[in-house]
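Novice: need a 3D model of the sequence below.
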Amino acid sequence: MSTFTTSYYSQVLTPTILNLALSITKTIINIVFSMKRRALIITLLMVLIYPNFNVISQEQFKANIWVDKGCGSTYKLGELIRISFNVSKSAYVTIKDDYSGGYRILYRGYVNGSVIYNFTTRASSPASTIPVYRRITIRAQDQEGRITSDSCRIAVVIVEKPDMAVGRIRVMRLAVFPTDIIVMAEIINLGKGNTGSFTVGLYVDGKLAATRRIGNILPTLYTGATFHISLPYYRRKYLIKIVVDINDEIEELNETNNEGVKEVTIRGFLPAIQPTSWISKP
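Specialist: Numbers count the residues shown, from 1 in each chain. Prediction:
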């Protein structure tokens, strides 16, 4: 090779090759950095978007549970509770009566989505005269393994019942009105619960002659019911009967002591009162 050819390759081809190599190197570097940027962007998008997808997916699977009186209500011990629930997708559900110190399984099994299910149970112990709170809970798991839950808070209370009885019966004849009498009867609450309002009836010879409305009687206390009625003057004996709660408004422990009977004998100006028997309410 001549000196001219060697000089030509050195002066012309060598810079061209170097520039081409430099250009290829820059292109490779740009491609690498571009891929890294893309990977970084994709990673950031996954971090930002995936939790949102998870939240949306979780929101699509829901469980709801409620009771007939509404959550937060109070039930008497032994009272029926109507429980309703549903899930947004078909799932296996477990419903519990969850109280302090334990729980009771109320229902367990597969249910369909978007269907309202109902069942009844009775308010059970633990309970007290002060409301005892607990939660009716539902836990649901769908076919994808996702789990959701809900709860409804209620209270159970023991309501003590009253026991109303007729005590002493007194009959007085009015001197000013010989055919009129005043009947006074003691109404006693032998139970542990308040009575609330109720009606007392006075019967003369089996016929209702008068009624009186009685307010609340506290446990172990008593009140009086007073009646002023007129009697046929030509008769000498009358059967006076006092009946408490004649309309059966109050739920009692004992319904057999709600009546008291006295026989009134009128002799001369003043009547002589002679107790005869106590008649139980059938």
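
Novice: quickly find the element holding the nearest residue to Leu80 once chain neighbours are set aside.
Specialist: Distances taken as C-beta to C-beta, 6 or more residues apart in numbering put Thr120 closest to Leu80, at 5.3 Å, once the chain neighbours are dropped. (Glycine included, C-beta is placed from N, CA and C.) Element membership for Thr120 (DSSP states H and E) is strand 117-122.

Novice: with Asn19 instead?
Specialist: helix 14-60.

Novice: and that helix, what's its mean pLDDT?
Specialist: The predicted model assigns helix 14-60 a mean pLDDT of 61.

Novice: give me the angle between the next helix or strand after it and strand 117-122.
Specialist: Next helix or strand after helix 14-60 toward the C-terminus (DSSP H and E): strand 63-67. Strand 63-67 and strand 117-122 are oriented at 40 degrees to each other (axes from the mean of the first three to the mean of the last three C-alpha atoms, to 10 degrees).

Novice: flag every buried residue along the following helix or strand past strand 63-67.
Specialist: Sequence-wise, the next helix or strand downstream of strand 63-67 (DSSP H and E) is strand 74-76. Neighbour counts using 16 or more other C-beta atoms under 10 Å place Tyr75 of strand 74-76 among the buried residues.

Novice: name the helices or strands packed onto strand 74-76?
Specialist: Identification of packing neighbours for strand 74-76 by 3 or more C-beta pairs under 8 Å, 6 or more residues apart in numbering; DSSP states H and E yields strand 147-157.

Novice: report the distance from the strand it packs on to the chain centre.
Specialist: 9 Å (C-alpha atoms, centre = their mean, to the nearest Å).

Novice: tell me the pLDDT of the residue nearest to Leu80.
Specialist: Looking at Thr120, its pLDDT stands at 97.

Novice: if we can go back for a sec, list the neighbouring strands of the strand holding Thr120 plus their orientation.
Specialist: Applying DSSP bridges, strand 117-122 is found paired with strand 80-87 (antiparallel).

Novice: C-terminal to the strand it pairs with, what's the next element?
Specialist: Per DSSP H and E, the first helix or strand lying C-terminal to strand 80-87 is strand 91-99.

Novice: domain ranges for this protein, per the record?
Specialist: Using automatic domain parsing, the domain ranges for the chain come out as 1-43, 64-157, 164-277.

Novice: circling back: which residues touch the residue nearest to Leu80?
Specialist: Listed by C-beta atoms under 8 Å, 6 or more residues apart in numbering, the contact partners of Thr120 are 80-83.

Novice: repeat that for 7 Å
Specialist: Thr120 makes contact with 80-82, according to C-beta atoms under 7 Å, 6 or more residues apart in numbering.
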